[in-house]
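>>> Sequence and predicted structure, then a few things I'm wondering about:
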Amino acid sequence: MQVVYSSAHRSHDVTHETFLGQPTPANEVAERAEIIRSSLEADGGFTFAGPTDHGEAPITAVHDPGLVRFLEGAWGQAERERIDRPYLVADTYPTFRMFEGMSEEFVVGQPAPTSVAGGLGWWGLDTSNPIVKGTYGAARAAVDVALTAADLVLGGETVAYGLCRPPGHHAARSMAGGYCFFNNAAIAAEAIVRATGERVAILDVDYHHGNGTQQIFWRRGDVFYASIHADPARQYPFFLGYGNERGEGDGQGENLNLPQPAGLSDEGYLAALDRALGAIVDRPGSIIVVSLGFDTYGRDPIGDFALTTPVYHEVGRRVAATGRRLVILQEGGYYRPALGDNTVAWLRGAEGR
Ligand code: SP5
Ligand code: ZN
């Protein structure tokens, strides 16, 4: 299997996130991607390629250009404002309750803040994704990793894996969040739609609901989004991910959320997977973009499912058994001691070995 990897992720060298306001060691760290890379190298069954530069156009095909400009300029802006901090996290977010009773026309007409502190909240969801000097370059490289993996499949490969870091599925059209800056999977799916004219399915098997991917394609009939994730009633991202969210307009019926209880077993997971895959094969198309997370693992520090390493082989096998070509993109997974084994198991399953 071809793997796309870039060392550029290392410049997003975050140290801390917050847990209920307190600084705590970051979960989404550079070591994650390096563990996966070295495990795939040790396996011997993977060939590595670097990403090619795809420019900004595929990003602004799904994201607000204002988000791109903010992320590009945030660190320099903080320096100019003499905000001397090791990393940047917002204090203040524009919750919709701030605008209660005000018309949508009025609210969307509010100006984007010009200060970096305001911008961090305006363009962000939560405090888990600090910005450092190298964040923008790493996030751009992760997009190129995803698009290069998509190119491999568009060029005839049956499967390709993009070792994206930072991850992407919490990033919405105009919002970063949840360790994510650009939505790598959404950008790849959009590029595939434009290249093929076909419908594309996104299967999200990260532990968390991919609120960003859902938001981007909510009114789209050409991209089906299916996600198996922790019930948002108890877990991040809290405000989206419920089972009654099915899409609107052209996208009516093209969003499938399968929220799951704490303690979910391998068997329970596979039952949900079969539902998602059944919905995918009921729809036309030849390519699935997989948002691949291992925070479903039983020992994950921020998850509460009970999956074991062998089930990942079976999940990969069942996804590939749809007969569709696969663009597999890395999202979360934070229990570092098992990350390499879990990734190798999933990808081996997907290539039938
Ligand atoms: C891509 C991805 O997996 N993003 C996840 C973002 C989760 N952010 C919220 C983390 C909440 C951590 N709660 C810690 C509970 C410890 N018992
Ligand atoms: Zn996750």
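It's in. Ligands and ions are numbered 1, 2, ... in the order given.

>>> who in the stretch 101-250 of the chain is up against ligand 2?
With Cβ under 5 Å from the ion as the criterion, the stretch 101-250 of the chain meets ligand 2 at residues 206-208. The C-beta positions use only the backbone N, C-alpha and C, and glycine is treated the same way.

>>> Now for V62: which residues touch it?
With contact set as Cβ atoms under 8 Å, 6 or more residues apart in numbering, V62 has these partners: 173, 183, 186-187, 190, 216.

>>> 6 Å instead, please
Shown in contact with V62 (Cβ atoms under 6 Å, 6 or more residues apart in numbering): 186-187, 190, 216.

>>> Just give me the neighbour total for the closest residue to G340 other than its chain neighbours.
Closest residue to G340 in three dimensions, ignoring its sequence neighbours and counting by Cβ to Cβ, 6 or more residues apart in numbering: S39, at 2.8 Å. For S39, the count of nearby residues is 17 (other Cβ atoms under 10 Å).

>>> Look up which helix or strand S39 falls in, please.
Per DSSP states H and E: S39 is located in helix 30-43.

>>> contacts for that helix?
Identification of contacts with helix 30-43 by Cβ under 6 Å, 6+ apart yields 3, 5, 9-10, 13, 46, 163, 165, 336, 339-340, 343-344.

>>> Residue in the protein with the shortest distance to ligand 2?
G332 (3.0 Å; Cβ to the ion).

>>> Check the gap between R283 and L277 for me.
Going from R283 to L277 by Cβ to Cβ, to the nearest Å gives 11 Å.

>>> who has more neighbours, these two?
L277 (20 against 13).

>>> on contacts alone, who are the packing partners of the strand or helix carrying the more buried one?
Assigned by DSSP H and E, L277 belongs to helix 266-281. Helices and strands touching helix 266-281, by 3 or more Cβ pairs under 6 Å, 6 or more residues apart in numbering; DSSP states H and E, are strand 223-230.

>>> The helix or strand that the strand it packs on is followed by versus strand 223-230: what angle between them?
Sequence order places strand 255-260 as the next helix or strand after strand 223-230, per DSSP H and E. Calculated by axes from the mean of the first three to the mean of the last three Cα atoms, to 10 degrees, strand 255-260 forms an angle of 10 degrees with strand 223-230.

>>> Tell me how far D151 lies from A188.
With Cβ to Cβ as the criterion, D151 and A188 are 9 Å apart.

>>> Can you classify the closest residue to ligand 1 within the chain by secondary structure?
Going by Cβ to the nearest ligand atom, ligand 1 is nearest to G332 of the chain, at 2.5 Å. Classification of G332 using DSSP: H, G, I helix; E, B strand; the rest coil returns coil.

>>> about what we covered before: of the residues of the stretch 101-250 of the chain next to ligand 2, which is the nearest to V311?
Using Cβ to Cβ, the shortest approach to V311 within those belongs to Y207, at 13.4 Å.

>>> can you pull the contacts of the closest one?
Contacts for Y207 were tallied using Cβ under 6 Å, 6+ apart; they are 230, 293, 295-296, 303.

>>> now those residues as TSV including distance to S103, secondary structure and neighbour count?
Putting the contacts of Y207 into TSV (distance: Cβ to Cβ, whole Å; DSSP: H, G, I helix; E, B strand; the rest coil; neighbours: other Cβ atoms under 10 Å) gives the following:
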residue	distance to S103	secondary structure	neighbour count
A230	35	strand	25
G293	38	coil	25
D295	39	coil	24
T296	41	coil	28
G303	40	coil	26
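
>>> Helices along the stretch 101-250 of the chain, start to end?
Applying DSSP state H, counting those that start in this stretch to the stretch 101-250 of the chain gives helices spanning 104-108, 116-122, 135-154, 184-196, 211-217.

>>> ok now the first one, how far from the chain's centre?
Yep, that's helix 104-108 we're talking about. In terms of Cα atoms, centre = their mean, to the nearest Å, the centre of helix 104-108 is found 28 Å from the chain centre.

>>> hang on, the earlier thing: quick one, the helix holding S39 and helix 135-154 angle?
Using the same axes, to 10 degrees, the direction of helix 30-43 lies 30 degrees away from that of helix 135-154.

>>> Packing partners of the helix or strand following helix 30-43?
As assigned by DSSP H and E, the chain's next helix or strand after helix 30-43 is strand 47-49. The contact analysis (3+ Cβ pairs under 6 Å, 6+ apart) places strand 47-49 against strand 2-4.
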